[in-house]
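Student: Sequence plus predicted model, see below.
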Amino acid sequence: MHFLLFSLPAKLINGGVAGIIGVTCVFPIDLTKTRLQNQRSGQQAYKSMLDCLVKTLRSEGYFGMYRGAAVNLTLVTPEKAIKLAANDYFRHSLARDGTGLTISREMVAGCGAGTCQVIITTPMEMLKIQLQDAGRLSCQRSELMSGVHYSSSGCKHVAVSSPLTRAPNIGSAALAKRISATHIAAAILHTQGIKGLYRGLGATLLRDIPFSIIYFPLFAHLNRRGQASLEKRAPFYHSFLAGCVAGSVAAVSVNPFDVIKTRLQSLTKGTNENSYSGLVDCARKIWWKEGPSAFLRGAGCRALVIAPLFGIAQVIYFIGVGEFLVKLSP
């Protein structure tokens, strides 16, 4: 099996490099996805993905498009490394000598990979979402203060004193200062403990396990189409396209759970926005108050994020950057 072709450290390096490159390329779309998913009916600051990108650029500048990127870039290395390396490990462990993997075993391997990654994914996205959604909340408050409808030119950041959050020390005053992920993490740990950083863990598991069950077997079969033989790798462009297609299909399939996860992990609420006591309560309120279509919010953005992210990840991973670096090390 190819898991034995080079060491685990090399695979971890490959996964980390792949994650950093992928996140850097697609982060503005990921920010857009978070803001669209957190919008409620009748309180829509953004009409579409493009509208959100334009308004964010106008009101927050270029670096506003990368709000929350620092925590993502810091933690995406262990996250992607764990996900890709764990899938390889489980595939190797489940493979029968000389016969390869059945579809069911490939799905089990993907399930194992998805389960392992949430150790990093949950706190990473918990912090990222607070920073990504701050601009939407500021936009909403700005319009409410001015007494006009959402404008097409973007929104200015306005500090207000009304409490908009259930989490102590993470209110609107803090958001107005563009607080860092470190500040948010410290506040959560102080008030809620480590459990606070793992808010939305159930929804994350419900999203990431099915995603991996769909993604990894689909990618493996699509990628195999480009291999001249089992011993040779597919051309890099074929692996990229296979990663894009598999990522898009898996991302759209689990988008309802991603919407629930985003809502649960958003500690700061806008005016007249619901709070949720748990996964079931969140799903029920979204269904009854916003309709089934709300579960598909941000699906296009998520597909646009995941497709190149995993396409790039698979190319870097299989090129073997880590293998090269490990060979250079003493």
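Tutor: Arrived safely.

Student: longest helix of this protein?
Tutor: With DSSP state H setting the assignment, residue counts place helix 103-146 as the longest helix in the chain.

Student: from the chain's centre, how far out does that one sit?
Tutor: From the chain centre to the centre of helix 103-146 is a distance of 5 Å (C-alpha atoms, centre = their mean, to the nearest Å).

Student: Now do it, average pLDDT.
Tutor: Averaging pLDDT along helix 103-146 yields 84.

Student: same thing with stretch 314-330?
Tutor: Per-residue pLDDT over stretch 314-330 has a mean of 54.

Student: what sits against the spatially most central residue of the chain?
Tutor: Central residue of the chain (C-alpha atoms, centre = their mean): residue 125, 6.5 Å from the mean position. The neighbours of residue 125, taking C-beta atoms under 8 Å, 6 or more residues apart in numbering as the test, are 200, 204, 261, 265. Glycine gets a C-beta too; all of them are placed from N, C-alpha and C.

Student: can you do 10 Å?
Tutor: If a contact means C-beta atoms under 10 Å, 6 or more residues apart in numbering, then residue 125 has 30, 34, 68, 71-72, 75, 79, 118, 132, 200, 204, 207, 258, 261-262, 265 as its contacts.

Student: With residue 214 instead?
Tutor: Residue 214 neighbours (C-beta under 10 Å, 6+ apart): 107, 110, 114, 246-247, 249-254.

Student: Dump these into a markdown table; add distance to residue 275 as well.
Tutor: As requested, the contacts of residue 214 are arranged in a markdown table below (distance: C-beta to C-beta, whole Å):
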| residue | distance to residue 275 |
| --- | --- |
| 107 | 36 |
| 110 | 33 |
| 114 | 28 |
| 246 | 36 |
| 247 | 32 |
| 249 | 33 |
| 250 | 30 |
| 251 | 27 |
| 252 | 28 |
| 253 | 28 |
| 254 | 24 |
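
Student: Let me know the closest of those residues to residue 195.
Tutor: Comparing the contacts of residue 214 against residue 195 with C-beta to C-beta picks out residue 114 as the nearest, at 21.4 Å.

Student: got a list of what that closest one touches?
Tutor: 83, 86-87, 121, 204-205, 207-216, 254.

Student: go on, residue 291?
Tutor: residue 41.

Student: can you name the two of the contacts of residue 214 that are farthest apart?
Tutor: With distance counted by C-beta to C-beta, no two of the contacts of residue 214 lie farther apart than 107 and 252, which are 18.2 Å apart.

Student: Export stretch 224-243 to CSV, keeping only CA atoms.
Tutor: These are the backbone C-alpha positions of stretch 224-243, laid out as CSV (Å, rounded to 0.1, in the frame of the first residue of the first chain):
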residue,chain,number,x,y,z
ARG,A,224,-8.0,5.9,-10.2
ARG,A,225,-9.4,6.7,-13.6
GLY,A,226,-6.3,8.7,-14.3
GLN,A,227,-3.8,6.0,-13.3
ALA,A,228,-2.1,4.0,-16.0
SER,A,229,-1.4,1.3,-13.4
LEU,A,230,-1.8,0.8,-9.6
GLU,A,231,1.9,1.6,-9.1
LYS,A,232,1.8,4.9,-11.0
ARG,A,233,0.3,8.2,-9.8
ALA,A,234,-2.4,10.0,-11.8
PRO,A,235,-1.3,13.2,-13.5
PHE,A,236,-1.5,16.2,-11.1
TYR,A,237,-4.3,17.9,-13.1
HIS,A,238,-6.4,14.7,-12.9
SER,A,239,-5.9,14.5,-9.1
PHE,A,240,-6.9,18.2,-8.9
LEU,A,241,-10.1,17.7,-10.8
ALA,A,242,-10.9,14.6,-8.9
GLY,A,243,-10.5,16.5,-5.6
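
Student: Mind listing residues that contact it?
Tutor: Residues lying outside stretch 224-243 but in contact with it, judged by C-beta under 10 Å, 6+ apart, are 2, 18, 22, 100, 215, 218-223, 306-320.

Student: Quick check on these: which are buried?
Tutor: Neighbour-count burial (16 or more other C-beta atoms under 10 Å) is assigned, among the contacts of stretch 224-243, to 18, 22, 215, 218-220, 222-223, 306-320.
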